[in-house]
Structure formats: C-alpha cells, structure tokens
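> Kindly generate the corresponding structure for this input.
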Amino acid sequence: MFVNSFRRFEYTCVNPNRGTMNPAKQLGLYLRHHRKAHGLTQEHLAELCDLTPEHISAIERGRRYPSMKTLIRMADVLQVTLAEAFQFQKPRPKPKTKPLTEKDSAIKGLVRVLVRWSVRDIRLFTVIARRMR
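Numbers count the residues shown, from 1 in each chain. Modelled structure (predicted):
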C-alpha cells in the first residue's frame, strides 16, 4: 500500500501532461503523503505541531508557505528530513531514439538468442564466428 501511494505521490508531483507543479503544492503533497503514511489526521498533526487544522490544510493544498519553524516541527513529527522534503523531481525528457539499422536489429536478435545459451556454448559460437570472417 505504501509503495502504491508513493507512486501516486510521484505521479501527482510530476505529470508529463501537465508539467511541474509549483514548489508549495509539491511540498504540500509530500507532507500530506507522509502524514497519511503515519496515520495522522490534519487535526492530530496540527495539535502535535501547535498549529490549527486550517493551517495544515492550507499548507497541504499549496495555498500557504510554511515558516521554517513550522517546517522543522512538521518534519520532526513526520520523521522526515528537510532535505527530503525539498527534493522535487523534475520531469525527465523522453530520450530520443533513432530507428535501429538492419545490423543493430540483427545484433539485438542474436543477443536474445544468446541469453538462453550456456557460457560454454557462447564461447564455442564465438570461436566459430571468428573463423567465418
């Protein structure tokens, strides 16, 4: 369950179709994710951090930037470091791939076959291939 919710968190922060969210929204999603992972309600977290539930809600929605003092308290309660809280992912550009040449395609097919062979068979094949040159 934790892994699935973390994947949802990553997808929410960096959605290739929408671009990157603003840092306040990303931080809020990160804090909400960890609050829920610890089984805390906004009210309980607010009580532990000496804040109001409305303040926690505004931070989680990216409507309010928390002060450094508030961030430190929240990070302490949620058992995360501030460095982790600010490691936002940037969208990765899709790698540009060139179409395979005929030779590359043949090599790729050969590798698929050779993967299933034993080391001894591959060495024997190598010796035969070298003699065929």
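> got any ranges where the protein has weak pLDDT?
Counting by pLDDT under 70, the chain has low-confidence residues at 1-21, 88-94.
> Which stretches in it count as helices?
Applying DSSP state H to the chain gives helices spanning 2-13, 23-37, 42-49, 53-60, 68-78, 82-85, 102-114, 119-132.
> nearest to Pro95, of those?
Nearest to Pro95 among the helices of the chain is helix 102-114 (15.8 Å), distances taken as C-beta to C-beta. Quick note: C-beta positions are derived from backbone N, CA and C, even for glycine.
> Just name whatever secondary elements that closest one is in contact with.
The criterion is 3 or more C-beta pairs under 8 Å, 6 or more residues apart in numbering; DSSP states H and E, and there are no helices or strands that helix 102-114 contacts.
> Same list, the helices of the chain, but as TSV with mean neighbour count and distance to Pro95 please.
Putting the helices of the chain into TSV (neighbours: other C-beta atoms under 10 Å; distance: least, C-beta to C-beta, whole Å) gives the following:
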stretch	mean neighbour count	distance to Pro95
helix 2-13	12	19
helix 23-37	19	24
helix 42-49	17	40
helix 53-60	18	34
helix 68-78	16	35
helix 82-85	12	27
helix 102-114	10	16
helix 119-132	10	29
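> Kindly reformat those as a markdown table containing distance to Lys96.
Shown next, in a markdown table, are these (distance: least, C-beta to C-beta, whole Å):
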| stretch | distance to Lys96 |
| --- | --- |
| helix 2-13 | 23 |
| helix 23-37 | 27 |
| helix 42-49 | 44 |
| helix 53-60 | 37 |
| helix 68-78 | 39 |
| helix 82-85 | 32 |
| helix 102-114 | 16 |
| helix 119-132 | 32 |
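> Can you give me the domain assignment for this protein?
2-85, 102-132 (automatic domain parsing).
> what about the shortest one, how long is it end to end?
Using C-alpha to C-alpha, to the nearest Å, one end of domain 102-132 lies 20 Å from the other.
> gap between it and the chain center?
Centroid separation between domain 102-132 and its chain, computed with C-alpha atoms, centre = their mean, to the nearest Å, is 37 Å.
> What of stretch 64-76?
In terms of C-alpha atoms, centre = their mean, the gap separating the centre of stretch 64-76 from the centre of its chain is 23 Å.
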